[in-house]
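Trainee: one predicted model, sequence on top.
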Number of protein chains: 2
Amino acid sequence: MSISNGRRPARGKKRQATITDVAATAGVSIGTVSRYLNGYQVRRDNREEIEKAIESHGYARSAVASAMKTDTLHMVGLMVPNCDEFHAGLLASLVTLLRIEGLATLTYCHGNNQASVEDAFNVFRTHRVDALIMTGFDQASNRISEVVGGGTPVVLYDNELRGLNVDCVKVENFESSRRAVRHLAELGHERVAVITGNLSHWTAQQRLRGYQAALEEAGLQADPGLVFQGYWTKHDGYAAMGRAWEADKRPTAVFSCSARMTFGALTFLKDQGARVPNDISLVSFDDVEMFELFDPTITAVAQPVHRIAESIKDLVVSRLNQEEFHSRLVNLPCEIILRNSTRRLQS
Amino acid sequence: MSISNGRRPARGKKRQATITDVAATAGVSIGTVSRYLNGYQVRRDNREEIEKAIESHGYARSAVASAMKTDTLHMVGLMVPNCDEFHAGLLASLVTLLRIEGLATLTYCHGNNQASVEDAFNVFRTHRVDALIMTGFDQASNRISEVVGGGTPVVLYDNELRGLNVDCVKVENFESSRRAVRHLAELGHERVAVITGNLSHWTAQQRLRGYQAALEEAGLQADPGLVFQGYWTKHDGYAAMGRAWEADKRPTAVFSCSARMTFGALTFLKDQGARVPNDISLVSFDDVEMFELFDPTITAVAQPVHRIAESIKDLVVSRLNQEEFHSRLVNLPCEIILRNSTRRLQS
DNA sequence: TAAAAAAATCATAACGTTTCAATTTGACCC
DNA sequence: GGGTCAAATTGAAACGTTATGATTTTTTTA
């Protein structure tokens, strides 16, 4: 008696072999095949028959059907703002690390767009991912609390969210920015501008606060007129640098809060024919490989991308394994890489 | 009579509202709710009740359960070698474009590792993605033909695969490389080295052939001793440049076949204290934004990332909509962006 | 060698959707 | 009002797994 059930040629896909097919040709029940697939003991002769049958059918278990019963898809949703240098590295590391843990990654680029962030939540929800990793957004705590309330682990990168049971990984934005700006102050700079990211982002706030703290510690007046906000993009970095350049009393140094804004700032300076560090000193948050190749090479705060990815992965996995139920915070240090984009000011 | 069926607290997830719950509180059958969800006509009063019920339950349809019946997950698998500048851009564009078509993206970075490529196929298969997009691998035609045989559309980027019913998008690797090298020849360079990618990759072969063709057309002898193979990485670009630099008769120009290898080559030259273009001219395949900021700015072949993503998306979508059954090839032109990394040789 | 214990297997009921034949409802016409 | 037809609804059967209680087989013990 052959077990050939009705066809269903959805979208032209051919019917794939099922556990039922395997069971039939192996001459055992589907329960036994399932046991085999899930690593339980089966009698030797049966195991061999099953293996032969799997081989001959080219069977691969359906994660979809499996998820139906177990409510576990072995898949996490990853939401990044875009694929700039930093996030590209993070994404690649994460995808790889998660895969090693048996987790597939559903990716979403929200482009700092509120509607897209909403959409991302919807996608992740309807696809029933097991966990969420998110970064670079703001104003989504209601959706997050909804997700968390549903029992789905959430890990945030560089976002602080009080009162919600989520895990966070962050770098020492405040400390690192403070050190970066202190470095400028120590070189004798008194008028230091900052090009910040979107100040509704927690990260941008932290970096700005670090900047302010450093100035204060150096006994300098933090001039609000030297704070230039951008929205993390190259374009905004360009514009912000332009405004800084035209400021009443031109700053002698600038602290740029992201790699992309640094690109913009440098482009502006290049267009102006301004020389770094002779005409202005510059320190960048975010280090990218290519800063080494710029002329001058750029002093930058390097985020430990791989350790960040590692930490995020660990948090996700421990939550999925039910090893931890309370929110945790991992705070990673950055490294300041001194290069040639700053100079000592003769006073 | 309340429809509260047994709990199943897998992984601590709370039970999500189901179509059954919605049907119960709306006072209709689940079939009617399903009709509503899928956009069919339902009686006005029922529609309103259903909408209220969905709202109050916070219901979101399960793509997993849906896929069980329809064999369609609205998800595509995307396999890239890594997240270098080019692939990061491609990935971001693709993810976004696909999402607009209602497709989620399962991402995999195979790192040019054969075992990982195999693993990627397994992940995509067990997750039953509706289509595959792949790039940057070699030697997988048996797995691909298996996938295609199963009725799953496959779209390749920059890979040629004869005899298989897959769609391919590529750029004019041969033509563009030829033009790039011709440019060098026209500037009077007679000893032009090439730093190629992994020659088992079709793309690398094409670019090398373009290089050879250009030299031939210029009446120059293509010296095999000036061909330096790397594996697309910065590290290999560095090493290859090193070998080129120490060649018996040092080349006066070099054509580097990928951005990352260009970084490596430039780093080597910088370490040597060699000046571009004075000591050696350089043209790069792959343009990255930052080449504008280098000193000198780098002449490069720019791949039309967004058009590539657009084309790939179109091919995938048309296949999924069963609008096309024969393999297609989209061949996109590149642009050569002339900057300052080449100079005319005084002969 | 029989009984008891343990191990392996089986049949079947979920899981949350979609689909389909059968039924009910509603609209319209004479 | 009765009859016809289309539109909307229903109930139940899938889809491919896992989990579970009941059963069979094997192993151990007496």
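Mentor: Alright, I've got the coordinates.
Trainee: can you give me how far stretch A:81-89 is from the chain middle?
Mentor: How far stretch A:81-89 lies from its chain's middle: 8 Å, per Cα atoms, centre = their mean, to the nearest Å.
Trainee: is chain B contacted by it?
Mentor: Yes - using Cβ under 8 Å from any Cβ of the partner chain, stretch A:81-89 reaches chain B at A:N82, A:C83, A:D84, A:E85, A:A88, A:G89. Bear in mind the C-beta positions are built from the backbone N, C-alpha and C, glycine included.
Trainee: export these as JSON lines, with columns for pLDDT.
Mentor: Shown next, in JSON lines, are these (pLDDT from 0 to 100):
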{"residue": "A:N82", "pLDDT": "95"}
{"residue": "A:C83", "pLDDT": "95"}
{"residue": "A:D84", "pLDDT": "92"}
{"residue": "A:E85", "pLDDT": "92"}
{"residue": "A:A88", "pLDDT": "97"}
{"residue": "A:G89", "pLDDT": "97"}
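Trainee: may I see those arranged in TSV, with neighbour count and secondary structure as well?
Mentor: TSV is the format used below for the residues of stretch A:81-89 next to chain B (neighbours: other Cβ atoms under 10 Å in any protein chain shown; DSSP: H, G, I helix; E, B strand; the rest coil):
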residue	neighbour count	secondary structure
A:N82	20	coil
A:C83	25	coil
A:D84	23	coil
A:E85	23	helix
A:A88	22	helix
A:G89	22	helix
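Trainee: packing partners of the strand or helix carrying A:Y211?
Mentor: Element membership for A:Y211 (DSSP states H and E) is helix A:202-217. Helices and strands touching helix A:202-217, by 3 or more Cβ pairs under 8 Å, 6 or more residues apart in numbering or on different chains; DSSP states H and E, are helix A:173-186, strand A:192-196.
Trainee: can I get the residues of stretch A:81-89 next to chain B in TSV including distance to A:L329?
Mentor: As requested, the residues of stretch A:81-89 next to chain B are exported to TSV (distance: Cβ to Cβ, whole Å):
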residue	distance to A:L329
A:N82	25
A:C83	26
A:D84	25
A:E85	25
A:A88	25
A:G89	22
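Trainee: among those, which two are most distant?
Mentor: Maximum pairwise distance in these, criterion Cβ to Cβ, is 12.7 Å, between A:N82 and A:G89.
Trainee: related to what we said a few turns ago, with B:L293 as the reference, name the closest of the helices and strands packed on helix A:202-217.
Mentor: strand A:192-196 (15.9 Å).
Trainee: could you spell out the sheet neighbours of that closest one, each with its direction?
Mentor: strand A:227-229 (parallel), strand A:253-256 (parallel) (DSSP bridges).
Trainee: got the CA coordinates for the longest one in CSV?
Mentor: Backbone C-alpha positions of strand A:253-256 (Å, rounded to 0.1, in the frame of the first residue of the first chain) are rendered in CSV as follows:
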residue,chain,number,x,y,z
ALA,A,253,38.5,70.8,16.5
VAL,A,254,35.5,68.7,15.9
PHE,A,255,34.2,65.5,17.4
SER,A,256,32.0,63.6,14.9
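Trainee: show me what secondary structure element comes after it.
Mentor: Taking DSSP H and E, what comes next after strand A:253-256 is helix A:259-272.
Trainee: return the most buried member of the helices and strands packed on helix A:202-217.
Mentor: Of all these, strand A:192-196 has the most neighbours on average by mean count of other Cβ atoms under 10 Å in any protein chain shown, namely a mean of 27.
Trainee: tell me what angle that strand forms with helix A:259-272.
Mentor: Computed by axes from the mean of the first three to the mean of the last three Cα atoms, to 10 degrees, the angle separating strand A:192-196 from helix A:259-272 equals 130 degrees.
Trainee: how far away from the center of its chain is strand A:192-196?
Mentor: So, by Cα atoms, centre = their mean, the centroid of strand A:192-196 is 24 Å from its chain's centroid.
Trainee: which residues are in contact with that strand?
Mentor: A:181, A:184-185, A:204, A:207-208, A:211, A:215, A:220, A:226-230, A:237, A:240-241, A:244, A:247, A:251-257, A:261, A:265 (Cβ atoms under 8 Å, 6 or more residues apart in numbering or on different chains).
Trainee: so how do I select the buried members of these in ChimeraX?
Mentor: The ChimeraX command for the buried members of these (criterion: 16 or more other Cβ atoms under 10 Å in any protein chain shown) is given here:
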select /A:181,184,185,204,207,208,211,215,220,226,227,228,229,230,237,240,241,244,251,252,253,254,255,256,257,261,265
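Trainee: hmm, A:T96 is touching B:T107, no?
Mentor: No - A:T96 is not in contact with B:T107 according to Cβ atoms under 8 Å; the separation is 10.2 Å.
Trainee: so if I had to pick from these two, which one is more boxed in?
Mentor: B:T107 (24 against 20; other Cβ atoms under 10 Å in any protein chain shown).
Trainee: wait, does whichever strand or helix holds that one contact chain A?
Mentor: B:T107 is part of strand B:104-109, with elements assigned from DSSP H and E. Yes - for strand B:104-109, a contact with chain A is found by Cβ under 8 Å from any Cβ, at B:A104, B:T105, B:L106, B:T107, B:Y108, B:C109.
Trainee: once you drop chain neighbours, what's closest to the fifth one?
Mentor: In space, not counting the residues next to it along the chain, B:Y108 is nearest to B:A120; the distance is 4.2 Å by Cβ to Cβ, 6 or more residues apart in numbering or on different chains.
Trainee: residue in chain A nearest to DNA strand D?
Mentor: Nearest residue of chain A to DNA strand D (Cβ to the nearest atom of the strand) works out as A:I19 at 3.0 Å.
Trainee: what sits against that residue?
Mentor: Contacts of A:I19 by Cβ under 8 Å, 6+ apart are A:I30, A:V33, A:S34, A:L37, A:Y59, A:R61.
Trainee: if we go to 6 Å?
Mentor: Residues near A:I19 by Cβ atoms under 6 Å, 6 or more residues apart in numbering or on different chains: A:I30, A:V33.
Trainee: can you tell me how far it is from A:Q139?
Mentor: Distance from A:I19 to A:Q139, counting by Cβ to Cβ, to the nearest Å: 45 Å.
Trainee: and for A:E323?
Mentor: 31 Å.
Trainee: and if you look at A:R328?
Mentor: Counting by Cβ to Cβ, the gap from A:R328 to A:Q139 is 23 Å.
Trainee: more neighbours, those two?
Mentor: A:R328 (15 against 10).
Trainee: what sits against the more buried one?
Mentor: So A:R328 contacts A:D167 (Cβ under 6 Å, 6+ apart).
Trainee: and it, its phi and psi?
Mentor: phi -130, psi 160 (degrees, to the nearest 10).
Trainee: distance of it from DNA strand C?
Mentor: With the distance defined as Cβ to the nearest atom of the strand, to the nearest Å, A:R328 ends up 30 Å from DNA strand C.
Trainee: what about the helices in the stretch 51-200 of chain A?
Mentor: A:63-70, A:85-100, A:114-126, A:141-149, A:173-186 (DSSP state H, counting those that start in this stretch).
Trainee: which of the residues of strand B:104-109 next to chain A sit farthest apart?
Mentor: Maximum distance among the residues of strand B:104-109 next to chain A (Cβ to Cβ): 17.3 Å, for B:A104 and B:C109.
Trainee: for the nearest residue to A:G237 once chain neighbours are set aside, give me its contacts.
Mentor: Closest residue to A:G237 apart from its sequence neighbours, by Cβ to Cβ, 6+ apart: A:G264 at 2.6 Å. Residues in contact with A:G264 (Cβ under 6 Å, 6+ apart) are A:K234, A:G237, A:Y238.
Trainee: give the contact list for the first one.
Mentor: To tie it back to what came earlier, the one meant is A:K234. Counting by Cβ under 6 Å, 6+ apart, A:K234 has contacts A:R260, A:F263, A:G264.
Trainee: 10 Å - rerun?
Mentor: Taking Cβ atoms under 10 Å, 6 or more residues apart in numbering or on different chains as the criterion, A:K234 is in contact with A:84, A:258-267, B:289-290.
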